[in-house]
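In: 3D, please:
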Amino acid sequence: MCHLISAVITKSSMYSLTCDSHSEIIRHYDLRYQEQRGDLVNVEYRPPDGNIFSTNLSNWIFYATPQLLPEWFSKAYYIEQMESLLLKRRKDFVHDSLTSLILIEDGETHHVRDSMVILHKGFVHVYGHSSVLATEESAVEVSGSGNYIIAQDNTKVITRKIGQNNVICLKGAARLSLSDKSVLYSNIIVVAEGISTVEDWSYDEMGDDPKIFLREQTTGKIFNKVRNKVHNQVDNITKNYIVEGQASLITQN
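Out: The predicted structure is shown next:
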C-alpha cells in the first residue's frame, strides 16, 4: 500500500485508480511490459508527517521513482497533474468529522476519522473515533482511539498503532491481525465469534489490560518469533485472552 495519491506514468499517459497501490495500477492497466523495460515512472503525493487530513496542500511532497528518471519525464508538468488529482481525491476519498453515513464499495480506498462507515468489498484506513461495519471481503486498517469495528464475512482487519477505547467485533470468517507495529493500550476489547481468527503479532507491546474473547469455533494464533529472547513472553500474552466454548488458542513460531 502506498499513499493517498499514486499514479503510474508512461511516455504517453498517466494511469491512476481509486486504490493507492502502484502494483495494482500496473496490473489493472496491463503495464508489465513497460515495467520490465523500465519505461514507466511511479509517482505519489505524501502528506507531511503522514497526516492524511492535512489541509495545507502546499506542504504535501511529490515523489517519483526510479531515482534516475527518463528524459521524456517532465516533473513540473506531472506535479501540476498530480495536484489536480490530489484535490479531487481528497474531496471524494478523505472523510473527516462527517455526521452522515459513508458507503464504500467495489475496491475503493478511503481514509476516515470521526466518521460512520459501511464497507462492502472496499478498503478503509480508520484514524480514530469512527464506527465501521465491514462486509464481503473488505479490509480495514485501524489506528487511533475510540473506534468501533464490526467485521463479518471474509473481512480482514489489521491494527496500526491503535490507542485507547477500541472495540473490534469479528463475525463469520473475519480475520484480525494485531500487527507487531501496534501499540495496544488498556481498554481494547476484541470479541471473536463464528469461525473467525485472531492473529497476534504484538508480543509484549500489549498494554495493561486488553481483553480478547474467543468464542464459538474461533481460533487465536500467537506468533512468537522472539520466544527465545524474552522470558515468559507467551505466558504474558495468553493472559490477554478469554477462551470460551469450542474456541482455541495456539502459539506458532
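In: so where do the helices sit in the stretch 101-250 of the chain?
Out: 233-238 (DSSP state H, counting those that start in this stretch).
In: where does pLDDT dip in it?
Out: 180-186, 202-209, 224-236 (pLDDT under 70).
In: ok, 80 please
Out: 105-108, 179-187, 202-210, 224-237 (pLDDT under 80).
In: pull the longest helix from this structure.
Out: helix 75-93 (DSSP state H).
In: wait, what's in contact with Q217?
Out: Neighbouring residues of Q217 by C-beta atoms under 8 Å, 6 or more residues apart in numbering: 194-195, 245-247. From N, CA and C alone the C-beta is placed, and that goes for glycine too.
In: swap in 7 Å and give it another go.
Out: 195, 246-247 (C-beta atoms under 7 Å, 6 or more residues apart in numbering).
In: mind splitting the chain into its structural domains?
Out: For the chain, automatic domain parsing gives the domain ranges 5-94, 97-252.
In: returning to that earlier point: any idea how far the longest helix of the chain is from the chain center?
Out: 22 Å (C-alpha atoms, centre = their mean, to the nearest Å).
In: can you list contacts of whichever helix or strand comes after that helix?
Out: Later in the chain than helix 75-93, the nearest helix or strand by DSSP states H and E is strand 94-96. The contact list for strand 94-96 (C-beta under 7 Å, 6+ apart) reads 4, 52-53, 102, 110-115.
In: same check, this time on stretch 36-52
Out: Taking C-beta under 7 Å, 6+ apart as the rule, stretch 36-52 contacts 2-11, 22, 31, 34, 54, 59-65, 69-70, 73, 78, 82, 86, 94, 111.
In: which ones among those residues lie within strands?
Out: Cross-referencing those against strands under DSSP state E gives 5-10, 61-65, 94, 111.
In: show me the contacts for the nearest residue to H129 once chain neighbours are set aside.
Out: Leaving aside its chain neighbours, H129 sits nearest to G146 (4.2 Å; criterion: C-beta to C-beta, 6 or more residues apart in numbering). If a contact means C-beta under 7 Å, 6+ apart, then G146 has 128-129, 165 as its contacts.
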